Structure formats: structure tokens, C-alpha cells
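Undergrad: Got a predicted structure plus its sequence, pasted below:
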Amino acid sequence: MSETIDLAEPDETASAAVESTHAPRKVFIKTYGCQMNVYDSTRMEDALAADGYVPAASMEDADLILLNTCHIREKAAEKVYSELGRIRALKDDRRTTGRPVTLGVTGCVAQAEGEEIIVRAPVVDLVVGPQTYHRLPQIVARARRGEAIVDTEYAPEDKFDHLPHARATRIRSRGVTAFLTVQEGCDKFCTFCVVPYTRGSEVSRTAATIIDEAKRLVDAGVREITLLGQNVNAWHGEGVDGRQWGLGELLFALAELPGLDRLRYTTSHPIDMDDRLIAAHRDLDRLMPYLHLPVQSGSDRILKAMNRSHTAADYLRVVERVRQARPDIAMSGDFIVGFPGESERDFADTLEIVRTVGYAGAFSFKYSPRPGTPGATMDDQVPGDVAGERLARLQALLNDQQHRFNEACVGKTFDVLLEKPGRRPGQIIGRSPWLQSVIISTQDHDIGDLVEAKITAAGPNSLSATLTGRNTSA
């Protein structure tokens, strides 16, 4: 059974007081999977920082190791168990030195498998699901005292209301771009997807809490924010005026924040692209012209089997409406090949929708049966070698489209947000409005500057550019 942790254990405060006189404990978090896991890892780090933990540079230097896991694909889950096997040797070595290390599994694998993780990998000290990260300091304290703890209960309270705010210095250390989760969970129940079972039903944060977090990020130097959600455009929260807002209204409000230069959001569902959201793409210069809009398949028969609630024609109509609103928008997508029952004709329909849309980027995968999902028990599973051959053909087409999109940027001039140092002295890597990495040589600009650049060359994974001499930073 999963435990509910008492947030007010009296002996924990005493323990923290005793240990505060020593060197701070160190935590290393390894993150698997989606951007929401990246966001969750930062919030776990913030929660533990309030309890005296500082980041460790490596597992070997950590007092606490957390694997923040993904359960979307079978291989992702198996990677976690392989990692746990390697960590066992580290944990055994550390025990002999008198500096034991605590090991935890968090995220979607933790939620899905719970106590089975400790049965299968007894080296694990704690298992914590995504809904209970605000209880992490208390859970870790109990695990350090020798308890094996599994906490995967869906909390009745909003975890975001209980997680501590990150200090400005911690935000600055993470760079000039940031993720901000606005919605979690999913009510769509696609038959291939485990998310509704690991993240729960759709929950939207209030606009006030989102805007408040965005302000803190901007005040600490963040210039680009990406709003996150399993179905981010299904966000419907209480607005600051007391009305129910949709994502479009939220984007209009966030675009008013001084110092916030860029907005993005991911991941979207086609059926939730409403008029106000499309208007945001039309009217907000700060909303970047790049939309990740998964379709998964171009076959209506397969889309119905996937429970996607839209047809290929529905999807294409949405794409057309968005492109009419924002002609320079670039599309990104998700694709699954080899879903149960997929024929060569169905796969040909997928290739056709790719040719029709033209993608600047995409994620594509072979279907991976997830336990507990309807797809895992469907008849007519596609052989792995057939799915693999189809995936290769799809990826060749998508890669060609991405290459053509990058090549079309050569000679164009647009704003680039400088994000991090390049590999060579004097190089800075920035990000284009369409999410491409842009390499610029400059001695006159800093990380966080928004500069105008002319693209001089396109590679498979990045663009090269020269500065025009115009700094567009506010």
C-alpha cells in the first residue's frame, strides 16, 4: 500500500537542526523524458533546497540520488532499471566509507509501478509519484532513517501550491529560458498512452499563480518561457478577473509582462485549438511562430483506433487556420508507426499527411505497448521489423523536410536569443524563433541578449549566423 506522509513530524525538525551544522547535503537528479519532467526536477530541487540540499555535480558526489523517470516507452522504463543496477555498486561502496547515499525513483515509472520497483530493485529507498513532490523533504528524511517508502497517492491538495518558490539566484543559474507548467494530467485517453494513468486527470493552475511564477522568472533574468502541459491548450483556469480563461487569454496576459520577450507552449492537442488561441498566434509578436501539434497518424482508421477524437482532415483544417493567422509559423509533430492493425495503406496515409503539412521538426517512434493501456491488448500487433522499416522511411522524409526548412533560412535576418556559450572561444549559441540552434561569433554580446542576425549557413542540427549590428534587447 502507498503511504500518506504526515507533513508535521516533530522529529524531522530536530534532525534538520542537528544536520544544519555540517556541510550541506547534496542531491543529484537524473531526468528522463519530457519537458514536464525537466520542470518537475527543478521543482524537486527547489523543495530540497529549502531543506538544506545543494546540487551535486555527479552521482558519485551526492548524498541523495533521484531518478525522475518516464513511462511513455518500454525502453525508457528499462533504462531506469539498468541505471539502478549500476547505482547499486556505488551505493555499496559508499556504505563502506561511512557516507551512505539515499536512492529514490520519482516520476511516471514510480507512479505506474510503485512497490514493484522496490521488490525488483531493493537498492531503492523511496518511490514518489508526480503528485507528491511537495512532500519530498519529509519522505527523504524518513528514508534516511531506514524506512523504505512508497508514496504514489494522488494528493487532494495542489502540489504547486505547496512547492517552495525558487530563489532568484537558483533561477539565474538555470539560464535565460524556463519551463512553466500550467496544466497537468490528461482526459483524452488515447489508447497508446499511459499518461492518464500516471499523471491523472486534467488539472489547470489558476492564472494568478501562473502569472506570479512568470513574474518571478522574469525578475530573475528569464527572457523566454515555455508553458507546459500534457494537453497544454486544454488549460482552463480561473482568470485574474474571476472569469474562466482558456490558454489564449493566458497568453495575452503573459505577453503584457515587461521583460518577457518570448512565449511558447507545448504539447497541444488538435481538438483544443480554439479561436482565442489562434488569435493569440495572429496578434502576439511575443508568441513564437512555432507550433508543436501532434497528429500521430494520417490514417482515419488508425486515428479512430487510437481514440484521437479527430480525423486527418480535422487536423489539416486546424493547421490551415493557424497558418492563415500566422503565415510564418512552422509546424512540429509527433508520429507513431506500427500501431496495432496499421496496414501499408494506413502508413501511406501518414506519409501523405507529412507531405501535405511540411514539418520543420518532429518526433517519431515505433509503437511501444504500455501495460494497462487498451493498445497493449489489441489484436493484429505489427511485427517489430515491419514497424522499424516504416519508421526509417518516415524519418527519412521528416529529416528531409527539416533540412529543407533550415536551408530556407539561409539569407534571412531575424532575432536570436543568446542562451549559452558555444564550443569555441567567442561563440555563443542562441535560439531562433523556430527553435533552431544558431551559432554566432561575438565579443560584444552576453547571454540573454536578443540580437538581430543574418543566417549564413545551415547544418543538419544548427544554423550559423553573423550579427547585423542591431541589438533588439529591451
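TA: Now that the structure is in, tell me what you want to look at.
Undergrad: quick one, strands of the stretch 101-250 of the chain?
TA: 102-107, 126-128, 149-151, 177-181, 183-184, 203-204, 224-228, 236-238, 244-246 (DSSP state E, counting those that start in this stretch).
Undergrad: Packing partners of the last one?
TA: Right, strand 244-246. strand 236-238 (3 or more Cβ pairs under 8 Å, 6 or more residues apart in numbering; DSSP states H and E). To be clear about C-beta, it is placed using only N, CA and C from the backbone, and glycine gets the same treatment.
Undergrad: among the strands of the stretch 101-250 of the chain, which is nearest residue 338?
TA: Proximity to residue 338, assessed across these by Cβ to Cβ, is greatest for strand 102-107 (25.5 Å).
Undergrad: Can you pull out the residues in contact with that closest one?
TA: 32-33, 37, 40, 44, 63-71, 80, 84, 87, 91, 117, 123-130, 133, 136, 139-140, 143-144 (Cβ atoms under 8 Å, 6 or more residues apart in numbering).
Undergrad: Likewise for stretch 114-132?
TA: So stretch 114-132 is in contact with 2, 5, 40, 81, 84-85, 87-88, 91, 102-111, 113, 135-136, 139-140, 143, 148-155, 159, 184, 198-200, going by Cβ under 8 Å, 6+ apart.
Undergrad: Now restrict the contacts of strand 102-107 to buried residues only.
TA: 32-33, 37, 40, 44, 63-71, 80, 84, 87, 91, 117, 124-130, 133, 136, 139-140, 143-144 (16 or more other Cβ atoms under 10 Å).
Undergrad: ok, back up a step: using TSV, lay out the strands of the stretch 101-250 of the chain together with mean pLDDT.
TA: Listed next are these as TSV, based on pLDDT from 0 to 100:
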stretch	mean pLDDT
strand 102-107	94
strand 126-128	94
strand 149-151	91
strand 177-181	93
strand 183-184	90
strand 203-204	90
strand 224-228	97
strand 236-238	92
strand 244-246	96
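Undergrad: Can you say which of these is nearest to residue 360?
TA: Between the strands of the stretch 101-250 of the chain, strand 224-228 lies closest to residue 360; by Cβ to Cβ that is 16.4 Å.
Undergrad: mind listing what the closest one pairs with, with the direction of each?
TA: Strand 224-228 sits in its sheet next to strand 177-181 (parallel), strand 262-266 (parallel), going by DSSP bridges.
Undergrad: Deepest in the core, which of the ones you listed is it.
TA: strand 262-266 (a mean of 23; mean count of other Cβ atoms under 10 Å).
Undergrad: Touching it from outside, list them.
TA: 35, 223-229, 232-233, 247, 251, 254-255, 284, 286-288, 290, 292, 417, 433, 435.
Undergrad: I'd like to know which of these are buried.
TA: Buried among these by 16+ other Cβ under 10 Å: 223-229, 232-233, 247, 251, 254-255, 284, 286-288, 290, 292, 417, 433.
Undergrad: can you tell me which of those residues are in helices?
TA: 247, 251, 254 (DSSP state H).
Undergrad: Make a markdown table from those residues and add pLDDT and distance to residue 387 to it.
TA: Listed next are those as a markdown table, based on pLDDT from 0 to 100; distance: Cβ to Cβ, whole Å:
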| residue | pLDDT | distance to residue 387 |
| --- | --- | --- |
| 247 | 98 | 34 |
| 251 | 98 | 37 |
| 254 | 98 | 40 |
